[in-house]
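>>> coords please:
(one chain, ligands or ions: 2)
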Amino acid sequence: MVEIKGALEIIRSQRVHLDSEVVRLKDSLDRVLAEDLRAGCDLPGFNNSAMDGYALGGLQQAYKIVGEVAAGDSQEFILKKGEAVRIFTGAKVPEGSSAVIMQEKTEVKENLLILKELPKEGQCIRKKGEELNKDELVFSKSYQITAAGIGMLGSLGLHKIKVFKKPIIQLITTGNELVAPGESLQAGQIYESNSGAIEAALKSKGFSSSASIQMEDDFELIKTGISEALENTQVLILSGGISVGDYDFVKQALEDNGVEELFYKVKQKPGKPLYFGRKGNQFVFALPGNPASSLSCFYIYVLPLLQKLSGLPGKGLLELNLPVSKDFENKGDRPVFLKANIDNNWVEILNAQGSSMIGSMAKGNALAHVEAFEKIEKGSLIKTLLIS
Ligand SMILES: Nc1nc2c(c(=O)[nH]1)N[C@H]1C(S)=C(S)[C@@H](COP(=O)(O)OP(=O)(O)OC[C@H]3O[C@@H](n4cnc5c(N)ncnc54)[C@H](O)[C@@H]3O)O[C@H]1N2
Ligand code: MOO
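Ligands and ions are numbered 1, 2, ... in the order given. Presented below is the predicted three-dimensional model:
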């Protein structure tokens with residue numbers, strides 16, 4: 001049995017092999033750069049106007065209007081002192097321009113421009129390269145692409161970028177009692193709900209499973225199922241059958257498939273019988289079958305590894321220290337992850353904390369952490385992991 005910290009340390013310290021691929025910029029949201037990106041051009045690429053108004057040759061009170069430049073025009077003016085051109089936002093500022101003045105601060109009489117106030121040198125001109133110069137570093141390797149990142153790279157003319165591949169993930173749920181939702185139940189059966197929850201959790205964090213299989217508690221079947229899954233997967237996630245019962249075959253089946261155990265059992269509630277193993281560059285998590293245990297373990301332990309395998313640091317869920325809305329005492333000897341809800345920066349610990357109860361987790365957005373035998377008073381800070 002390992003402590004929570006030790007289990008996380010084992011996961012975070014895994015050396016991982018990362019492959020890269022080229023994707024279209026517009027498909028790259030949340031992907032992680034596999035190389036440093038340098039600017040292929042200046043940004044902006046030419047001096048341009050920040051306002052609809054007039055580009056001014058020299059700084060004075062009155063000008064002769066000699067023409068017009070709109071955004072996209074390639075017409076080249078060279079302004080002399082005392083000359084002005086009508087200009088619009090984004091248009092190329094003519095050579096010889098000292099400033100641009102917004103039209104609200106001007107009066108026009110025929111082709112004479114009179115300023116209501118004296119302009120300052122360079123005002124309202126967006127200078128070539130003022131945001132970024134050609135060859136300057138735009139984003140470093142391991143930058144995770146945001147919407148603004150896509151905008152930035154698009155403004156530099158990039159349409160394809162090299163990112164780390166996402167891990168190939170497969171899911172196996174085990175249990176004789178499990179029946180797919182939509183079918184009818186016989187005595188002793190329950191609906192299989194973990195695969196749906198884990199697939200959704202994967203999706204919400206930017207991942208997906210390439211296959212999801214349901215298996216009976218049959219040692220040979222599970223052993224073969226694991227062997228087949230390991231033919232083409234980087235992360236195999238199993239649910240159920242990992243405790244100590246006579247029908248819990250997962251651990252032995254993993255061992256028989258050459259998977260090396262990295263830890264088994266974590267001193268925590270829920271999720272004590274959590275298993276983590278490795279075979280070459282492949283990783284295996286066997287999550288305890290109880291629905292709230294399996295989903296909590298996914299967020300706390302599986303997610304950091306998936307992040308690492310995508311080129312990220314693997315920090316897992318965002319950790320916050322927030323005040324708790326009522327007293328809480330953990331009377332047990334295991335640290336707990338409690339289903340909780342963060343609202344208005346307060347943490348509410350929800351009712352129905354049982355490992356088999358997923359409903360309360362569905363109403364919350366966080367997992368609050370309390371140490372063994374710890375008493376927490378209303379208003380004191382509690383370590384909370386934000387799920388969404
Ligand atoms: N003698 C002991 N018994 C148990 C221990 C222990 O330390 N000693 N640990 C308990 C804890 S804690 C947990 S958690 C469970 C985990 O057991 P398994 O991982 O072997 O899970 P199962 O027995 O297969 O299932 C547990 C529970 O969850 C339901 N389940 C399983 N899979 C699904 C699914 N895909 N969808 C919905 N529900 C599922 C299953 O019916 C069981 O009720 O072991 C305790 N026992
Ligand atoms: O792992 Mo169990 O979740 O403590 O019921």
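
>>> in stretch 172-186, what's buried?
Neighbour-count burial for stretch 172-186, counted by 16 or more other Cβ atoms under 10 Å, picks out 172, 173, 174, 175, 177, 178, 179. (Each C-beta comes from the backbone N, C-alpha and C, glycine too.)

>>> so what touches whatever helix or strand the second one lives in?
Here residue 173 is covered by strand 169-174, with elements defined by DSSP states H and E. Outside strand 169-174, the residues within contact range by Cβ atoms under 8 Å, 6 or more residues apart in numbering are 192, 194-195, 198-199, 202, 207-217, 222, 225-226, 229, 232-241, 249-250, 289, 306.

>>> a markdown table for the buried residues of stretch 172-186, including distance to ligand 2?
As requested, these are exported to a markdown table (distance: Cβ to the nearest ligand atom, whole Å):
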| residue | distance to ligand 2 |
| --- | --- |
| 172 | 18 |
| 173 | 16 |
| 174 | 15 |
| 175 | 15 |
| 177 | 16 |
| 178 | 17 |
| 179 | 21 |
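
>>> which one of the residues you listed is nearest to residue 163?
residue 172 (28.2 Å; Cβ to Cβ).

>>> I figured residue 84 was touching residue 56, is that so?
Yes. Assessed by Cβ atoms under 8 Å, residue 84 is found in contact with residue 56 at 5.1 Å.

>>> which residues are in contact with each of those two?
residue 63.

>>> quick revisit: the strand holding residue 173 - which strands sit beside it in the sheet, and in what orientation?
Using DSSP bridges, the strands paired with strand 169-174 in its sheet are strand 209-215 (parallel), strand 235-239 (parallel).

>>> which of the ones you listed sits most buried?
strand 235-239 (a mean of 27; mean count of other Cβ atoms under 10 Å).

>>> now it - C-alpha only, PDB.
What follows is strand 235-239, C-alpha atoms only, in PDB (Å, rounded to 0.1, in the frame of the first residue of the first chain):
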ATOM      1  CA  VAL A 235      -2.800   3.400 -21.800                       C
ATOM      2  CA  LEU A 236      -5.100   0.600 -20.800                       C
ATOM      3  CA  ILE A 237      -7.800   1.500 -18.300                       C
ATOM      4  CA  LEU A 238      -9.600  -1.300 -16.600                       C
ATOM      5  CA  SER A 239     -12.500  -1.000 -14.200                       C
END
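
>>> hmm, it touching ligand 1?
Yes. Using Cβ under 6 Å from any ligand atom, we find that strand 235-239 touches ligand 1 at residue 239.

>>> which is the next helix or strand following that strand?
helix 250-256.

>>> other SSEs contacting that next one?
helix 219-229, strand 260-264, strand 275-279, strand 282-287 (3 or more Cβ pairs under 8 Å, 6 or more residues apart in numbering; DSSP states H and E).

>>> count the residues that sit near the residue nearest to residue 20 when sequence neighbours are not counted.
Spatial nearest neighbour of residue 20, excluding adjacent residues (Cβ to Cβ, 6 or more residues apart in numbering): residue 34 at 3.7 Å. For residue 34, the neighbour count with other Cβ atoms under 10 Å is 19.

>>> how near is residue 34 to ligand 2?
37 Å (Cβ to the nearest ligand atom, to the nearest Å).

>>> what ranges do the helices span in the stretch 251-388 of the chain?
With DSSP state H, counting those that start in this stretch as the criterion, the stretch 251-388 of the chain has helices at 291-297, 303-309, 359-363.

>>> please name the bridge partners of residue 337.
What pairs with residue 337, by the bridge criterion (DSSP bridges), is residue 369.

>>> near ligand 1, which residues of the chain are found?
So the chain meets ligand 1 at 173, 175, 177-178, 190, 192-194, 239-245, 248, 270, 272-273, 288-291, 293, 355-356 (Cβ under 6 Å from any ligand atom).

>>> doesn't residue 92 make contact with residue 73?
Yes. The pair formed by residue 73 and residue 92 meets the contact definition of Cβ under 8 Å, at 6.8 Å.

>>> these two: who's more crowded?
Taking other Cβ under 10 Å, residue 73 and residue 92 do not tie; residue 92 has more neighbours (24 against 14).

>>> give the contact list for the more buried one.
46, 47, 48, 69, 73, 74.

>>> which one of the residues you listed is nearest to ligand 1?
residue 48 (58.7 Å; Cβ to the nearest ligand atom).

>>> per-residue confidence for the closest one?
At residue 48, the pLDDT value in this model is 98.

>>> I'd assumed residue 231 was in a helix, is it?
Yes. Counting by DSSP: H, G, I helix; E, B strand; the rest coil, residue 231 is found in a helix.

>>> and the gap between it and ligand 1?
Relative to ligand 1, residue 231 is positioned 23 Å away (Cβ to the nearest ligand atom).

>>> burial of that residue, as a residue count?
8.

>>> now find how far off-centre stretch 329-337 is within its chain.
30 Å (Cα atoms, centre = their mean, to the nearest Å).

>>> list the buried residues of that stretch.
For stretch 329-337, by 16+ other Cβ under 10 Å, it's 330, 334, 335, 336, 337.

>>> so which bits of the stretch 1-150 of the chain are right by ligand 2?
Residues of the stretch 1-150 of the chain lying near ligand 2 by Cβ under 6 Å from any ligand atom: none.

>>> what sits against the residue of the stretch 1-150 of the chain found nearest ligand 2?
Residue nearest to ligand 2 within the stretch 1-150 of the chain (Cβ to the nearest ligand atom): residue 1, separated by 11.9 Å. Contact partners of residue 1, counting by Cβ under 8 Å, 6+ apart, are 264, 265, 266, 267, 272.

>>> which one of these has the most neighbours?
Neighbour counts for the contacts of residue 1 (other Cβ under 10 Å) peak at residue 266, which has 26 neighbours.

>>> give me the pLDDT for it.
pLDDT, residue 266: 98.

>>> with residue 75 instead?
79.

>>> could you say which of the helices and strands packed on helix 250-256 is packed most deeply?
The most buried one of the helices and strands packed on helix 250-256 (mean count of other Cβ under 10 Å) is strand 282-287, showing a mean of 26.
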